[in-house]
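Chemist: okay, structure incoming, though there's no sequence with it:
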């Protein structure tokens, strides 16, 4: 029974890492995909705007990277990558919870950042000289992904120092 | 993202909006000294196909063709925009019925870009195969054909088909589940009803005829408008003052063309916010209406220049632009 509980802890930790990577990645794929459609529309009419709209298209892609980072750190803390360590059920559950902010905020923020990018691509299509301002609108959404990244990061580091 | 978001299409339209005429471009056309200079200015802005020998109507037809070709590229199923083409369909139906009844050989009355080809419409009416027509056209086509062949009353034929066109537009607007298309349909029907009521009032038509000519819509009560039309132009104005079209009364008092301009400007003002919408069918519909409005305005300017009309009289008819 104790053995099962210990393994369940590890399973929860891996599930948390998987969710952080998958949900944040899925959000980024949605965001980059929709912004890509808008970017393609603008480039069809004016290929000179390629570099500007490419930057805007890539903005929702960062959540996927943050999710990957959290998953990587979590997996290394529980010994899946690197030196194997024993993970109790409670600790595994804590790792799972620590990954959730990045997973959920990553998914939602990337999706909405994609929509903000589409609107900014429309702005660049009409007023290319306003590119700097156009970049700020989707970048604002990034704030919340960074906050989630920070919390997940601090929580994982904090959990690793708890002896339970 | 669902497929109905039209993200790629809207982004392309955003770029295309840069090529639409704004108030300054229209002012430039108005300031042109002659018709030829106007045509040159239009060619500089990419209008036409580079052939300077074509007539103004051919030039405008080419521009309309360009718009629909672009929309055809962007939207896989063009039926969402059928509401904009019904007016052409029913115009062609009217032309076909009249041509068959009079035995005329003149095919110049037809308009391109309908949901059914003009030739097919003519063939169906000529063969009396009314059942082959789109469902909504069958009954009015047969009724108009019988009315014209029995009474030789062209006006009766016109009101039957015009009313059917308005009903088709109204129904398509409701079915679109899109605010902009619904608003377009509503305004089209309401403005046509007001114009018909004023015309019937001025020509002294009986109540029964007016009732038959007016189509139902949400913002006007056809029965009250018909009654007002029988009573006189002041009654029409009084009735309109109690509706959404109170501001139209002044334009109506001025002239029918001032009223038409008022309606077009109202539509353009309503669709302008679509320039800031990034998803959905709305910006595409607004672009079509913006282009139609632009083509209409250029037609007014070109015909003014061609016929040597005074600047002030052309300026009066010029519409507000979408961008």
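Modeler: The structure has been received and is ready for your questions. Here the structure is a predicted model, which means the values were calculated and not measured. Residues are numbered from 1 along each chain as shown, chains lettered A, B, ... in the order given.
Chemist: please name the nearest non-neighbouring residue to the closest residue to chain A within the stretch 1-150 of chain B.
Modeler: At 2.9 Å from chain A, residue B:11 is the closest residue in the stretch 1-150 of chain B, using Cβ to the nearest Cβ. Bear in mind the C-beta positions are built from the backbone N, C-alpha and C, glycine included. Residue nearest to residue B:11 in three dimensions, not counting chain neighbours: residue A:41, with 2.9 Å by Cβ to Cβ, 6 or more residues apart in numbering or on different chains.
Chemist: how many residues are close by the one you found?
Modeler: 26 (other Cβ atoms under 10 Å in any protein chain shown).
Chemist: contact residues of chain B facing chain A?
Modeler: Within reach of chain A by Cβ under 8 Å from any Cβ of the partner chain, chain B has these residues: B:1, B:5, B:7-18, B:278-279.
Chemist: any of those residues buried? List them.
Modeler: Buried members of those, counted by 16 or more other Cβ atoms under 10 Å in any protein chain shown: B:5, B:7-17, B:278-279.
Chemist: who's in contact with the closest residue to residue B:23 other than its chain neighbours?
Modeler: Of all residues not flanking residue B:23 in the chain, residue B:321 sits nearest, at 5.6 Å (Cβ to Cβ, 6+ apart). Residue B:321 makes contact with B:20-23, B:25-26, B:268, B:290, B:293-294, B:297 under the criterion Cβ atoms under 8 Å, 6 or more residues apart in numbering or on different chains.
Chemist: got those as a markdown table, with pLDDT and neighbour count columns?
Modeler: As requested, the contacts of residue B:321 are arranged in a markdown table below (pLDDT from 0 to 100; neighbours: other Cβ atoms under 10 Å in any protein chain shown):
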| residue | pLDDT | neighbour count |
| --- | --- | --- |
| B:20 | 95 | 16 |
| B:21 | 94 | 23 |
| B:22 | 93 | 14 |
| B:23 | 93 | 11 |
| B:25 | 93 | 18 |
| B:26 | 94 | 20 |
| B:268 | 94 | 19 |
| B:290 | 96 | 26 |
| B:293 | 95 | 21 |
| B:294 | 96 | 25 |
| B:297 | 95 | 22 |
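Chemist: of these, which pair is most distant in space?
Modeler: B:25 and B:268 (15.0 Å; Cβ to Cβ).
Chemist: coming back round to it: Provide the secondary structure category for the residue nearest to residue B:23.
Modeler: What DSSP: H, G, I helix; E, B strand; the rest coil gives for residue B:321 is coil.
Chemist: who's in contact with stretch B:182-196?
Modeler: Applying Cβ under 8 Å, 6+ apart, the contact partners of stretch B:182-196 are B:83-84, B:87, B:159, B:162, B:166, B:169-170, B:172-174, B:176, B:210, B:213-220, B:222, B:225, B:236, B:240, B:244-245, B:248, B:252, B:256, B:259-260, B:263, B:266-267, B:270-271, B:285, B:289.
Chemist: pLDDT of it, averaged?
Modeler: On average, the pLDDT along stretch B:182-196 is 93.
Chemist: what are the buried residues along it?
Modeler: Applying 16+ other Cβ under 10 Å to stretch B:182-196 flags B:182-194, B:196 as buried.
Chemist: for those, which one is nearest residue A:49?
Modeler: Nearest to residue A:49 among those, with distances taken as Cβ to Cβ, is residue B:184, at 31.1 Å.
Chemist: which stretch of helix or strand covers that closest one?
Modeler: Assessed by DSSP states H and E, residue B:184 sits inside helix B:179-203.
Chemist: residue B:267 is in contact with residue B:320, correct?
Modeler: No - applying Cβ atoms under 8 Å as the test, residue B:320 and residue B:267 come out as separate, 9.6 Å apart.
Chemist: against residue A:126, how distant is the residue of the stretch 201-323 of chain B found nearest chain A?
Modeler: Closest to chain A within the stretch 201-323 of chain B is residue B:278: 4.5 Å, counting by Cβ to the nearest Cβ. Using Cβ to Cβ, to the nearest Å, we find residue B:278 at a distance of 12 Å from residue A:126.
Chemist: re earlier: out of residue B:320 and residue B:267, which sits in the busier spot?
Modeler: residue B:267 (24 against 16).
Chemist: quick one, what contacts the more buried one?
Modeler: Applying Cβ under 8 Å, 6+ apart, we find residue B:267 in contact with B:183-184, B:187, B:289, B:293.
Chemist: what pLDDT does it get?
Modeler: pLDDT recorded at residue B:267 is 92.
Chemist: next, it: phi, psi?
Modeler: Torsion angles at residue B:267 (phi, psi; degrees, to the nearest 10) stand at phi -60, psi -50.
Chemist: check which helix or strand residue 143 maps to.
Modeler: Since you didn't name a chain, this refers to chain A. Assigned by DSSP H and E, residue A:143 belongs to helix A:131-160.
Chemist: could you do chain B instead?
Modeler: Following DSSP H and E, one finds residue B:143 within helix B:135-151.
Chemist: what mean pLDDT does that helix get?
Modeler: Taken as a whole, helix B:135-151 has a mean pLDDT of 90.
Chemist: tell me what it is packed against?
Modeler: Contact analysis of helix B:135-151 by 3 or more Cβ pairs under 8 Å, 6 or more residues apart in numbering or on different chains; DSSP states H and E lists helix B:82-102, helix B:154-176 as its packing neighbours.
Chemist: tell me the centre residue of chain A?
Modeler: Centroid-nearest residue in chain A: residue A:63, 2.6 Å away (criterion: Cα atoms, centre = their mean).
Chemist: remind me which helix or strand it belongs to.
Modeler: Under the criterion of DSSP H and E, residue A:63 resides in helix A:62-77.
Chemist: which other helices and strands contact that helix?
Modeler: Applying 3+ Cβ pairs under 8 Å, 6+ apart, we find helix A:62-77 packed against helix A:2-45, helix A:89-126, helix A:131-160.
Chemist: for these, give me TSV that also has distance to residue B:200.
Modeler: TSV is the format used below for the helices and strands packed on helix A:62-77 (distance: least, Cβ to Cβ, whole Å):
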stretch	distance to residue B:200
helix A:2-45	47
helix A:89-126	45
helix A:131-160	53
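Chemist: which of these sits most buried?
Modeler: Among these, helix A:89-126 has the highest mean neighbour count (mean count of other Cβ atoms under 10 Å in any protein chain shown), at a mean of 24.
Chemist: which residues sit in contact with the residue of the stretch 1-150 of chain B closest to chain A?
Modeler: A:37-42, A:118, A:121-122, A:125, B:278.
Chemist: just residue A:14 next, same as before
Modeler: Contacts of residue A:14 by Cβ under 8 Å, 6+ apart are A:75, A:78, A:80.
Chemist: which of those residues has the most neighbours?
Modeler: Counting neighbours by other Cβ under 10 Å, residue A:78 comes out on top of those with 27 neighbours.
Chemist: quick one: low-confidence residue ranges for chain A.
Modeler: Applying pLDDT under 70 to chain A flags residues A:1-2, A:6.
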